[in-house]
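1. got a sequence here, can you build the structure:
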Amino acid sequence: MKTTTTTQPTELKRVTSRIANAVMAFCQGKSEFHAAALREHVDGECGATAPGSADRVLRSLRAQGLLDYKCINRRDSLYQLL
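-> Okay, here's the model as predicted:
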């Protein structure tokens with residue numbers, strides 16, 4: 001399906017919203033998580049997503065103040081929710 005310039009922002013907002021909901025659901029009740037587990041969860045909930053989409057939306061949610069986290073082991077991509 002080819003999107004036009006007028007529908008592309010709408011489509012991007014819809015997809016981002018679905019990914020954001022999946023990220024928020026994944027973070028519920030967790031204190032720590034690996035980035036790979038987040039990506040796996042998002043792909044399972046939303047179908048295949050573009051590489052880095054879950055990470056990008058995670059950062060966006062933090063920028064919006066909807067969740068907070070820090071990287072506690074960069075090599076293992078291990079994050080702690082604050």
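2. what residues does the top helix by length along the chain touch?
-> For the chain, the helix with the greatest residue count under DSSP state H is helix 8-27. Contact with helix 8-27 is made by 3, 33, 37-38, 41-42, 45-46, 49, 53-54, 57-58, 60-61, 66-67, 69, 81, as judged by CB atoms under 8 Å, 6 or more residues apart in numbering. The C-beta positions use only the backbone N, C-alpha and C, and glycine is treated the same way.
3. now with 10 Å, please.
-> The contact list for helix 8-27 (CB atoms under 10 Å, 6 or more residues apart in numbering) reads 1, 3-4, 7, 33, 37-47, 49-50, 53-58, 60-61, 64, 66-67, 69, 79, 81.
4. next: stretch 38-58.
-> Residues from elsewhere that reach stretch 38-58, judged by CB under 10 Å, 6+ apart: 15-27, 30, 33-36, 59, 67, 69, 77, 79.
5. mind doing that once more with 7 Å?
-> Under the contact criterion CB atoms under 7 Å, 6 or more residues apart in numbering, stretch 38-58 has outside partners Thr16, Arg18, Ile19, Ala20, Ala22, Val23, Phe26, Ala35.
6. if anything else comes up later, I'll come back, but that's it for now.
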